[in-house]
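Peer 1: pasting the sequence and the predicted coordinates here, then a few questions.
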Amino acid sequence: MNTQQPSINWTAQWRHGWDTFWFTPTAPHTLALIRILTGAMLFYTHLVWTLDLAAFLGPDSWISTDTSQFLQQHNYTWSYLWYVDSPLLLWTTHLAGLVIFAMLTLGMYSRVVTILSWFIAISYCHRLEGALFGLDQINVLLVMYLMISPAGRLYSIDSWRSKRRSASKEESPPPSISANIATRLIQLHLCVIYLFGGIGKMRGVEWWDGSASWFALANPEYQSLDMTWLASHYLILSAMTHLTVFWETFYCLLIWPRLTRPVMLGLAVVIHGGIALCLGMITFGCVMLIANLAFLSPATTDRLVSRLLQGRAGDSP
Amino acid sequence: MPPPTTPPASISSQFKWLLSLLLTMHLAAVVIPPFTFATRTGYESSPLANVGMSVVQPYANALFLNHGYFFFAPSPGPSHLVEYDVEFKDGTKKTFRFPDLQSQRPRLFYHRHLMLAEWLHANYPATSIPDWVPAEEQRFQQENYQRVVDSFRQHLQHRHGTQQVTLRRLEHQLIAPEDYLKGQRNFYAPHLYQPLPIEPATENRP
């Protein structure tokens, strides 16, 4: 009897797994949708600075230019906004930034515009330390990875122009490795965010005794929908608390299998939707859901967008 | 409809190695900052995290990747506000507070002001600092905080057209569920606002 076991070449298997994970060409449909939504979110985020531009970026702003530079002096950061003193120049650069974000949303000159969008977004972040929160972190993350992807080749003015110019019958751009790498980076970055979000919560007593959801919902500075009636339903509050911790912590594992992915994405909608509606952070809730779209396959995105467009076409008389 | 995936493309082995190296380095810069933040207890993080951070910090900072991702963690505690008195040139006095949900709209605009107030609080130098923390580091933290306070004050002086601006920090305490059920339902009751000093304590300072 032959007792020799077939030898397993772990190195070769590992390399094959690595290559398949990173270097399998993917269609850009999901990234194109993420580009539209990220562009719109960047546009809105920066539009809001416009309401009191001088107070945030002017010479007598909350965090003056000198203070901002002092705080960042050993941080290897840079912002062109440190050198914008005159109100006219500030308004010009700000409005130019808004135009760039609008172009990103529409998909005009996408390659260059995505790089410019990242540069502008990161310059605002380095200048506006102190006024930032999770929204800005995710905005920068998404536009950074979109930079290396062909996200402008679909659902964009670029693709419409290209089709008109070449009279091409090709429906979809070809799958590419850059689209896959960008998608994988968004996915992995999101896993890291949730993992450490879960680990951070595990360090707090309130996330173990079940009261954290109450203290988030009953915080007047955050509350946008009165959910304090839940005080008499403590079982629900504690279930919400524990579900949040376990979902965040195990997201990085359970988002990958096909069986559990829909559950994790469904919970993302529930939890981020809850944050958006109840805790006054609509933008943050939305941008986290935009990042979660990275786990939709291009085929699913294509189906969803087609259905949406057909539905709209069907609505017209 | 696009095919979901196709077999691995044939790019050169050298290019794959280069890309793999760059991806690994980038992912290290994604993971190490929150790991360093998560291992922080008091004044120090894990020695391993510190070593990693010393390598990736320039890249992580430059690319705005240096975050802890501790959303509402470790505890969703009380909020921190800033209250300030203004004495106008005609002698009248008025007290303001930010963030202000009534005047700061839309919600994202309000949230920016909430973050400013929280940031000021987060930067308030700890009163009790271990002896082994270098005096230079302590002075740096104190100077950072003082710069932020001065910047806020100058902004408010400019905004209200007067030099007479006095800042205070406030902690807006939360109502525990058991107190809420006992009838304490006013989340804006005056006793829930705890004044905190704006000037750093001098105890244990170099």
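Peer 2: That came through, no problem.

Peer 1: mean confidence score for stretch A:132-144?
Peer 2: The average pLDDT within stretch A:132-144 is 98.

Peer 1: hmm, that stretch in reach of chain B?
Peer 2: Yes. On the criterion CB under 8 Å from any CB of the partner chain, stretch A:132-144 is in touch with chain B at A:132-137, A:140-141, A:144. All C-beta spots, glycine's among them, are computed from the backbone N, C-alpha and C.

Peer 1: and the furthest pair within those?
Peer 2: Maximum pairwise distance among the residues of stretch A:132-144 next to chain B (CB to CB): 17.7 Å, between A:F133 and A:M144.

Peer 1: the more surrounded of the two?
Peer 2: A side-by-side neighbour count of A:F133 and A:M144, using other CB atoms under 10 Å in any protein chain shown, places A:M144 first with 23 against 18.

Peer 1: give the contact list for that one.
Peer 2: Residues near A:M144 by CB atoms under 8 Å, 6 or more residues apart in numbering or on different chains: A:118, A:122, B:63.

Peer 1: any idea which helix is longest in chain A?
Peer 2: Looking across chain A with DSSP state H, the single longest helix is helix A:177-202.

Peer 1: check the offset of it from the chain's centre.
Peer 2: On the basis of CA atoms, centre = their mean, to the nearest Å, helix A:177-202 sits 10 Å off its chain's mean C-alpha point.

Peer 1: that helix - contacts with which helices or strands?
Peer 2: helix A:10-23, helix A:29-49, helix A:134-146, helix A:234-254, helix A:282-292, helix B:13-38 (3 or more CB pairs under 8 Å, 6 or more residues apart in numbering or on different chains; DSSP states H and E).

Peer 1: hang on, the earlier thing: okay, the contacts of A:M144 in a markdown table with secondary structure, pLDDT and distance to A:T24 next?
Peer 2: Putting the contacts of A:M144 into a markdown table (DSSP: H, G, I helix; E, B strand; the rest coil; pLDDT from 0 to 100; distance: CB to CB, whole Å) gives the following:
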| residue | secondary structure | pLDDT | distance to A:T24 |
| --- | --- | --- | --- |
| A:W118 | helix | 98 | 25 |
| A:I122 | helix | 98 | 29 |
| B:L63 | coil | 98 | 26 |
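
Peer 1: least trustworthy helix or strand in chain A by mean pLDDT?
Peer 2: Every helix and strand in chain A was compared by mean pLDDT, DSSP states H and E; the lowest is helix A:298-315, with a mean of 85.

Peer 1: which other residues reach stretch A:86-95?
Peer 2: A:46, A:49-50, A:53-54, A:57-58, A:80-81, A:84.

Peer 1: chain center to that stretch: distance?
Peer 2: With CA atoms, centre = their mean, you get 27 Å for stretch A:86-95.

Peer 1: follow-up on the earlier one: B:A135: which of the helices and strands packed on helix A:177-202 is closest?
Peer 2: So among the helices and strands packed on helix A:177-202, helix B:13-38 is nearest, using CB to CB, at 23.2 Å.

Peer 1: that closest one near chain A at all?
Peer 2: Yes. With CB under 8 Å from any CB as the measure, helix B:13-38 is seen reaching chain A through B:16, B:19-20, B:23, B:26-27, B:30-31, B:34-35, B:37-38.

Peer 1: Serialize the contacts of A:M144 to CSV and add fields for distance to B:W132 and neighbour count.
Peer 2: As requested, these are arranged in CSV below (distance: CB to CB, whole Å; neighbours: other CB atoms under 10 Å in any protein chain shown):
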residue, distance to B:W132, neighbour count
A:W118, 40, 22
A:I122, 35, 21
B:L63, 32, 19
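
Peer 1: for A:G152, state which of those residues is nearest.
Peer 2: Nearest member of the contacts of A:M144 to A:G152, counting by CB to CB, is A:W118, at 13.5 Å.

Peer 1: let me know the helix or strand that the residue nearest the centre of chain B is in.
Peer 2: Nearest to the mean C-alpha position of chain B, by CA atoms, centre = their mean, lies B:W119 at 4.0 Å. Per DSSP states H and E, B:W119 falls inside helix B:107-123.

Peer 1: what angle do that helix and helix A:29-49 make?
Peer 2: Here helix B:107-123 points in a direction 80 degrees away from that of helix A:29-49 (axes from the mean of the first three to the mean of the last three CA atoms, to 10 degrees).

Peer 1: can you give me the mean pLDDT across stretch B:147-163?
Peer 2: Mean predicted confidence for stretch B:147-163 is 96.

Peer 1: do the same with stretch A:225-233
Peer 2: Mean predicted lDDT for stretch A:225-233 stands at 95.

Peer 1: ok, and what's touching that stretch?
Peer 2: Contacts of stretch A:225-233 (CB under 8 Å, 6+ apart): A:213-214, A:217-218, A:236-237, A:277-278, B:177, B:180-181, B:185.

Peer 1: in that stretch, what's buried?
Peer 2: By 16 or more other CB atoms under 10 Å in any protein chain shown, the buried positions in stretch A:225-233 come out as A:227, A:230-231.

Peer 1: end to end, how far does that stretch reach?
Peer 2: One end of stretch A:225-233 sits 17 Å from the other (CA to CA, to the nearest Å).
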